[in-house]
Structure formats: structure tokens, C-alpha cells
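Novice: Using only what follows, build the 3D model:
(one chain, ligands or ions: 1)
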Amino acid sequence: MMRRLYPTSAVVSGTEALEAEYLHPAGRHVRANFVTSIDGMVEVGGRSSPLSGPADRDAFMAMRAVADVILVGAGTVREERYGPVLLEPAVEDRRRSRDQAPTPPLAIVSNRADLNPAARVFAGESKPLLLTTDEGVAAHPDLAGVAEVVVCGDQWVEIAVAVDALVDRGLTGVLCEGGPTLLRSLIGADLLDELCWTVAPRLVGTGHRGLLGDQVLPDPITLRLDRVYESDGALLTCYARGREP
Ligand SMILES: NC(=O)c1ccc[n+]([C@@H]2O[C@H](COP(=O)([O-])OP(=O)(O)OC[C@H]3O[C@@H](n4cnc5c(N)ncnc54)[C@H](OP(=O)(O)O)[C@@H]3O)[C@@H](O)[C@H]2O)c1
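Specialist: Sure, this is the predicted structure:
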């Protein structure tokens, strides 16, 4: 059972009610979703699954259910061995009733485009978007057969160009599923609107990657606590990026 603790308290019961908690506002809205240990680490043995639990997985699926597109870094695709997005038929029906595609496409961000065309992530019914560079395309032309390739820079993906490419396709509700390098880059370009952060009730110590990887932020970023949920010892928070109107 999931309980909303803030801003108002309520029991959030059932899949549909949980999805309603995560509906994107109109217009471009970039949400990132992460789970960390209490000490801020995003992976154990290169995977996030040891940190996740039932509540985090439910929230993960609810965020997928309402997103127009799932944005993910190539490192996460490689390390987590990403597969195609699969949703329950009832979830797909609810998406259709909101004029969304039955499943959100994946959009993979990669400078080098060093991905195996035979990887699981390319085995779905629809092709993922690959947001990459001229150099990436030149080095891996075979990916054009398994992905919709969008060039967003010469050597480096310009993340603002990449997000604009999604918005131009009508994919305004963006769910970033990581990893830390991509999150850092969204924050650096001031593109992050909401950070949904689950604090798993675990301590894992050093030797793991943290929420923003090993990259420094020049200045602290202030976020506003928007919503808090609790389930079975896990704390699920949503922080909004406070922007000037
Ligand atoms: N706990 C969680 O919620 C969570 C969520 C996601 C990931 N993770 C963990 O994070 C780890 C991976 O960390 P990571 O920082 O390597 O992940 P990442 O951001 O997914 O991957 C980094 C790679 O993705 C590409 N990339 C990311 N941002 C880019 C940008 N702005 N422009 C161009 N390319 C970009 C680059 O790929 P190329 O090298 O191909 O150019 C880069 O080397 C994994 O162990 C995973 O389990 C945890």
C-alpha cells in the first residue's frame, strides 16, 4: 500500500490511482526517476535492481504508463541490458484514451552510438529513437536499421537539441530513467522539471556510482519538495524545479 504523506495525506490505492499521481502537466515537462540507497548510491554491482522494491517498481511503471517518451543514456542501456517497453493492456487502453501511443518509445542518448544492433533494446515492435552525433552515425551506420537515428551534434549530443527533437515529435512528457551522466547533463542545461527520487531503506557504502555520477555541479541547484509517498519503508519523493514564472 502506498500512502501520500505530502502535500496532503491519502492512501493511493491501485494502479490507476498511482498513475494519476504522475500525470505530466501540459507542455514540455522533463521528469527524471531514480532510486538510491540512503547514502545516495544508484547501483550495486552495476544494477539498480538491488535498490528497488515493490513500491519503487510500481512507481517506475506508473511513470512509464503516463510518459510520452522514455529518455535513457546508453550507459544505462548497456549496463542494465534494457529491453523494449512493455505495458499491460489496461495501461495501453488508458494511454489511448489520453491520445497517447499505446507504449512510449524509448529515446537512447549516446555520443558514440556504441550499441549492438542485436541488443534486446532493439527487439521490440517499434524502433527506439537514437539521439546521437554525426561521428556516432558514421561509426555505426548499421544502427539505422534498428533505430530512428536523430543527429543532435557533431561529436557530442547537445541535450537541448535532443529534447527539442522529442518535443517536435509531440513527445512533451519526457521520463528520464537515467543514468547519472544523463541526469547531470539535463540539469546542466536547465532542462529538468522534476526529480522523482526513491530512497530505498538500504545503506551500501562506497565504491558505487552516486546520483550525479562523479561530475561536479558548479553551483547548488535548489529544488522544491512537491510530493512525498511512503510504502513498506521506502520513501518516494518528487522534487520540482522551481522556475521563475
Ligand atoms: N538507481 C537508478 O535509478 C538508476 C537509473 C539509471 C541508471 N542507473 C545506474 O547508472 C549506471 C550507469 O551510469 P552512467 O552515468 O554511465 O549512465 P548513463 O547516463 O545512462 O550513460 C552514460 C553514457 O550515456 C551516453 N550519454 C549520457 N548522457 C549523455 C549526453 N548528455 N550526451 C551524450 N551521451 C550521453 C553516453 O554514451 P556513449 O558512451 O555511448 O557515448 C555516456 O557514456 C548503471 O550502473 C545503472 O545501473 C541507476
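Novice: Tell me the first helix or strand C-terminal of the helix or strand hosting Asp226.
Specialist: Using DSSP states H and E, Asp226 sits within strand 223-231. Downstream of strand 223-231, the next assigned helix or strand under DSSP H and E is strand 234-241.
Novice: which other helices and strands contact that following strand?
Specialist: For strand 234-241, the elements it packs on are helix 54-66, strand 194-199, strand 223-231, judged by 3 or more CB pairs under 8 Å, 6 or more residues apart in numbering; DSSP states H and E. All C-beta spots, glycine's among them, are computed from the backbone N, C-alpha and C.
Novice: okay, the angle between the shortest one and strand 223-231?
Specialist: Here strand 194-199 points in a direction 40 degrees away from that of strand 223-231 (axes from the mean of the first three to the mean of the last three CA atoms, to 10 degrees).
Novice: Averaged pLDDT, strand 194-199. What do you get?
Specialist: pLDDT averaged over strand 194-199 equals 97, rounded to a whole number.
Novice: ditto for the first one
Specialist: When the per-residue pLDDT values of helix 54-66 are averaged, the result is 97.
Novice: Please apply the same query to stretch 216-229.
Specialist: When pLDDT is averaged over stretch 216-229, the result is 90.
Novice: Show the end-to-end separation of it, please.
Specialist: Across stretch 216-229, the terminal residues are separated by 29 Å (CA to CA, to the nearest Å).
Novice: contacts for it?
Specialist: Residues from elsewhere that reach stretch 216-229 (CB atoms under 8 Å, 6 or more residues apart in numbering): 2-7, 12, 21, 55, 59, 184, 187-188, 194-195, 235-242.
Novice: where's it relative to the chain centroid, distance-wise?
Specialist: Between the centre of stretch 216-229 and the centre of its chain there are 17 Å (CA atoms, centre = their mean, to the nearest Å).
Novice: show me where pLDDT drops low in this structure?
Specialist: 243-245 (pLDDT under 70).
Novice: Can you name the residues of it that neighbour the ligand?
Specialist: Taking CB under 6 Å from any ligand atom as the criterion, the neighbours of the ligand within the chain are 34-36, 42-43, 46-48, 51, 73-76, 79-80, 109-112, 114, 157, 159, 177-182, 185, 209, 213.
Novice: If we use 5 Å, what do you get?
Specialist: Proximity of the chain to the ligand is assessed by CB under 5 Å from any ligand atom, with 34-35, 42-43, 46, 48, 73-76, 79, 109-112, 114, 157, 159, 178-182, 185, 213 identified as the residues in range.
Novice: thinking again about what came up before, for the helices and strands packed on strand 234-241, which one ends up most surrounded?
Specialist: Among the helices and strands packed on strand 234-241, judged by mean count of other CB atoms under 10 Å, the one packed with the most neighbours on average is strand 194-199 (a mean of 22).
Novice: quick one: contacts of it?
Specialist: Identification of contacts with strand 194-199 by CB under 8 Å, 6+ apart yields 22, 29-38, 52, 55-56, 59, 63, 211, 223, 226, 234-241.
Novice: Mind listing the strands it pairs with, and their directions?
Specialist: According to DSSP bridges, strand 194-199 forms sheet pairs with strand 29-36 (parallel), strand 234-241 (antiparallel).
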